[in-house]
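Trainee: my questions are about this predicted structure, shown below with the sequence.
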Amino acid sequence: MHKPSRLALTACLLAVFAAPAAFAADAPVATVNGVAIPQSRMDLILKSQEEHGVKDSPELRQQIRDFLVTNEVLVQEAKKQGIDKSDAVKQELEMAQRGVLLNAFQQNFIKTNVISDDQLKAEYDRLKAATPSKEYHARHILVKTEKEANAILAQLKKGKSFDALAKAKSDDLGSKNSGGDLGWSDPSQYVKEFGEAMVALKPGEITQTPVKSQYGYHIIKLEGVREAEGPKFEDVKPQLQQEMQRTAFDKMIQDLKGKAKVE
């Protein structure tokens, strides 16, 4: 059986203590030194636990009740010692209350500013149109000097295996053991010089001169070209929704800050 997360319980208690008046009419789950612990306080923690995949059960409710009783005892003792009067504690309580309020504000914004399927699909189509339509399967041999690169090109022209030369000569530790194989990707994944040289090749061709980049000198062989499929709309819909909600929320914040008088 899963035990309630202490972090989640503590977060719930911060929310509870930030707005105690909301629970005034609840039937208590326990009474500690005459102070009632309302049912709503347990319900709030139960909801949090269920969101973390913990199933409701009598054992879970007893654990939460014990947790609430323990915290009430400690809170009462802290107040008896005057700890709640400390400026530092007051500031922390205020910050906790503000955190709960801001989180509720954000959740309310998301609920009331729903991103429609049409908006999501339009954003998906925009991103898809901006994504390269082709993918390239390339191999390469990377060396430090142009002289080394030209020597390898000469061996390739004599019929030496690209795979064998990559394994023997390439400085790219990530691909040399697989014969310089870089797999399928779009040109934007490579440095500019490499990408431009790669897309200029036809399948089966090798660059006739070394391609210089910040990493050294490359000899590139293009194995194949195919249409890029990209992820399906349904697969990326949740991520798109989160991104668009975040963008909308950030814009709202900037609009509010723009209207605010800050001195």
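Mentor: Nice, thanks for sending it over.
Trainee: show me where pLDDT drops low in this protein?
Mentor: 1-26 (pLDDT under 70).
Trainee: now do the strands in the stretch 51-200 of the chain.
Mentor: Assigned by DSSP state E, counting those that start in this stretch, the strands in the stretch 51-200 of the chain fall at 134-143, 181-185.
Trainee: export those strands to JSON lines and append columns for distance to Asn33 and mean neighbour count.
Mentor: Yep, even glycine has a C-beta here, placed from its N, CA and C like the rest. Formatted as JSON lines, the strands of the stretch 51-200 of the chain follow (distance: least, Cβ to Cβ, whole Å; neighbours: other Cβ atoms under 10 Å):
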{"stretch": "strand 134-143", "distance to Asn33": "69", "mean neighbour count": "22"}
{"stretch": "strand 181-185", "distance to Asn33": "67", "mean neighbour count": "16"}
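Trainee: which one, of these, ends up nearest to Gly258?
Mentor: strand 181-185 (41.0 Å; Cβ to Cβ).
Trainee: and Thr112, how far from Gln106?
Mentor: 11 Å (Cβ to Cβ, to the nearest Å).
Trainee: who's more crowded, the two?
Mentor: Gln106 (15 against 7; other Cβ atoms under 10 Å).
Trainee: mind checking the SS state of the nearest residue to the more buried one once chain neighbours are set aside?
Mentor: Of all residues not flanking Gln106 in the chain, Phe249 sits nearest, at 6.5 Å (Cβ to Cβ, 6 or more residues apart in numbering). Under DSSP: H, G, I helix; E, B strand; the rest coil, Phe249 falls in the helix class.
Trainee: thinking Phe249 is in contact with Lys111, fair?
Mentor: No. Here Phe249 does not reach Lys111: they are 12.0 Å apart, not a contact under Cβ atoms under 8 Å.
Trainee: higher neighbour count, these two?
Mentor: Phe249 (15 against 8).
Trainee: need the contact list for the residue nearest to Gln106.
Mentor: Gln106, Phe109, Ile110 (Cβ atoms under 8 Å, 6 or more residues apart in numbering).
Trainee: and the last one, how many neighbours?
Mentor: What it means is Ile110. 16.
Trainee: so it is in contact with Gln245, correct?
Mentor: Yes. Between Ile110 and Gln245 there is a contact under Cβ under 8 Å: 5.6 Å.
Trainee: what's the overlap in contacts for the two?
Mentor: With Cβ under 8 Å, 6+ apart, Ile110 and Gln245 have no common neighbours.
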